[in-house]
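> I would like to see how this sequence folds:
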Amino acid sequence: GRSRSARMELTLALKIRRVVLSATDVSSPFVRLPAQYSELYNKSVRQTCQHCGELPLQPAVCLLCGCLLCAASDCCRSGGDEECCRHAQSHHQGAAAFIIVRRTEVLLVLGRRHCWWGSLYLDQHGEEDRGLRRGRPLNLAPNRLRELTALWQANGLREFLLSNPPHFPHLMLLRQRQQPF
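Residues are numbered from 1 along each chain as shown. The predicted structure is shown next:
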């Protein structure tokens, strides 16, 4: 029944949160992230999606709860909504932030609008490696995390999304490029 399904969903969410990310920091609205991106990447690409149970070709980790989802996949599309938008609506009152694991970038979502924010992980020169093309080790950038936290805590998500163009074409591009690495 419904209670068994809800229990299974909660158990799976807790398991994913334990494996992918560590405990939540009280001062931050976001789950605690590993210092090295390789740790997040290696654990995320081996986890199944909370919704469809498959290995995501474009894994997305919710920064608010740690759930692992499929980004821009038809398997989890429902009523025209991407899984990240649906998760934000059903679990976080329509607003959420996700790391799109194979891109290293944060996707901000409010309702059906979303846009790229940038990366929380930088190389030794302080540069992003979008799409993991250069292969340099990436480390969590505390200043970037503080910036995103400040935006979130100041309720600046709506203004940020309005001042930055929506990136629906980028999500479409993700869907077209879905091939295991």
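> quick one: mean pLDDT for stretch 68-82?
Stretch 68-82 shows a mean pLDDT of 70.
> show the end-to-end separation of that stretch, please.
This stretch, stretch 68-82, spans 14 Å end to end (Cα to Cα, to the nearest Å).
> please apply the same query to stretch 93-103.
25 Å.
> tell me, what residue is most central in the chain?
residue 98 (2.1 Å; Cα atoms, centre = their mean).
> wait, it touches residue 69, no?
Yes. Counting by Cβ atoms under 8 Å, residue 98 does reach residue 69; the two are 7.4 Å apart. Bear in mind the C-beta positions are built from the backbone N, C-alpha and C, glycine included.
> before we move on, back to that, got the contact list for the helix or strand where the residue nearest to the centre of the chain lies?
According to DSSP states H and E, residue 98 maps onto strand 95-100. With contact meaning Cβ atoms under 8 Å, 6 or more residues apart in numbering, strand 95-100 is reached by 30, 33, 40, 58-64, 69, 71, 84, 87-88, 105-110, 117, 120, 148, 152, 157, 174.
> report pLDDT for the residue nearest to the centre of the chain.
95.
> run through the bridge partners of it.
Applying DSSP bridges to residue 98 yields these beta-bridge partners: residue 62, residue 107.
> which stretches of the protein have low pLDDT?
For the chain, the stretches flagged by pLDDT under 70 are 1-27, 73-81, 165-181.
> would you map the strands across it?
Assigned strands in the chain, in chain order: 22-24, 31-32, 59-62, 68-70, 95-100, 105-110, 113-119, 121-122, 139-140 (criterion: DSSP state E).
> closest to residue 130 out of those strands?
The minimum distance between residue 130 and the strands of the chain falls on strand 105-110, with 6.0 Å, by Cβ to Cβ.
> tilt between the closest one and strand 113-119?
On the basis of axes from the mean of the first three to the mean of the last three Cα atoms, to 10 degrees, strand 105-110 is oriented at 150 degrees to strand 113-119.
> next, the angle strand 95-100 makes with strand 105-110.
Using the same axes, to 10 degrees: strand 105-110 against strand 95-100 is 160 degrees.
> what packs against strand 105-110?
On a contact count with 3 or more Cβ pairs under 8 Å, 6 or more residues apart in numbering; DSSP states H and E, strand 105-110 meets helix 83-91, strand 95-100, strand 113-119, helix 157-163.
> can I get those in a markdown table with distance to residue 54?
Below are those laid out as a markdown table (distance: least, Cβ to Cβ, whole Å):
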| stretch | distance to residue 54 |
| --- | --- |
| helix 83-91 | 11 |
| strand 95-100 | 17 |
| strand 113-119 | 22 |
| helix 157-163 | 29 |
